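Novice: Here is a sequence with its predicted model. Questions after.
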Amino acid sequence: MKWLLTTNIFISVVLPQNDFFLPDDSASFGIFICDFETGVFEEGTVLNVPLCTECDFNSFPFDVIFLEPGDFGSIQFNYSSTGDTVFYATIIWMALGEIIYPDTFFHADSFSIEFDNAPYPDTLEYSNLNEIFLDNGQFPGAADSAYKHIRKLSLVHEFAEYPYKIFVYLYTPAVGATDPSVAKWIFFLFRNPELIGIENENPIPQEFKLFQPYPNPFNPTTTIRFNIGVEMQHATSLQIFDITGRLVETLVNGELVSARPPKARRWGEHEITWNAGNLPSGVYFVRLVSGSTSQTQKVILMK
């Protein structure tokens, strides 16, 4: 088991008010810490790392080393491409652990904000490690409430100019004497400009993709985001079906106009908010059809 922290990753030199640097020749992690109980954003930092040529759109590039606390435990996330440590924190029985690496975080006041929210990520993963305060059913909704506190950050908007991913971890530094006031949401954002260069090798995520709606489970609204090619703009439908296959709502039926600016480098991207306030709790299916191509995502309405 590896415990020595590697040092090949360099922390970006960061100045207050949106001077964070996300170079095109590097991949980047944004690490944001929010209070568990209130969701309030407290501090964050950026790590620039070597590009990941083997990364894909569907999984987060982490190797996790978790030492369950008997008396002393720890959690470590290593960047899969290089093996370097991205995050390391201690977890202590009946005492308080701490975040050891990264060793530099910047207070929330150092981050500038935008008027609108950044778009949801291409991929969202929830950690299943050390979820002491929440079961799996509660985790997504609680994490989404905290995520709303960072969606207006200018830095999150910068990540969203590329295909990006989010990994959510609930860090509980003290166990045994359960104290929610010391727990933290850790949001890991990852962008990898290398993915833009493989458009011809993997066109589906770039040209036609129905992303996982977020939040999911939801109550009563969820955001549905999808990509379609320019040639498909005139013949697109987005519909909601219940678990019996009955059509309950049509959100799109006809021509669409791209919702993203050119600098986002993702043509044909659209984002629609679905309000299911008039429907009962249950499983529903979101179906996107453009021409002869279709994709479906499952969502859960929990009231």
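Specialist: Arrived safely, thanks for sending.
Novice: residue ranges of the strands in the stretch 201-303 of the chain, please?
Specialist: For the stretch 201-303 of the chain, strands defined by DSSP state E, counting those that start in this stretch occupy the ranges 209-210, 221-227, 236-242, 247-254, 269-275, 282-290, 293-301.
Novice: Show me what the last one is packed against.
Specialist: When contacts are defined as 3 or more CB pairs under 8 Å, 6 or more residues apart in numbering; DSSP states H and E, strand 293-301 sits against strand 209-210, strand 221-227, strand 282-290. (C-beta placed from N, C-alpha, C; glycine too.)
Novice: got the angle for that strand vs strand 282-290?
Specialist: Relative orientation of strand 293-301 versus strand 282-290 (axes from the mean of the first three to the mean of the last three CA atoms, to 10 degrees): 160 degrees.
Novice: tell me which residues in strand 293-301 are buried?
Specialist: Neighbour-count burial for strand 293-301 flags 297, 299-301 (criterion: 16 or more other CB atoms under 10 Å).
Novice: likewise stretch 169-187?
Specialist: Buried residues in stretch 169-187, counting neighbours by 16+ other CB under 10 Å, are found at 169-175, 182-187.
Novice: Of the helices and strands packed on strand 293-301, which is nearest I150?
Specialist: Of all these, it is strand 221-227 that lies closest to I150, at 15.5 Å by CB to CB.
Novice: tell me which residues of the closest one are tucked away?
Specialist: Within strand 221-227, the residues that qualify as buried are 222-227, counting by 16+ other CB under 10 Å.
Novice: How about stretch 41-54?
Specialist: Going by neighbour count (16+ other CB under 10 Å), the buried part of stretch 41-54 is 41, 43-52.
Novice: Among those, which one sits closest to P140?
Specialist: Distances from P140 to these, taken by CB to CB, are shortest for F41, at 18.8 Å.
Novice: Local confidence estimate at that closest one?
Specialist: Per-residue pLDDT puts F41 at 96.
Novice: As JSON lines, the helices and strands packed on strand 293-301 with mean pLDDT would be great.
Specialist: Compiled in JSON lines, these are given as follows (pLDDT from 0 to 100):
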{"stretch": "strand 209-210", "mean pLDDT": "80"}
{"stretch": "strand 221-227", "mean pLDDT": "85"}
{"stretch": "strand 282-290", "mean pLDDT": "87"}
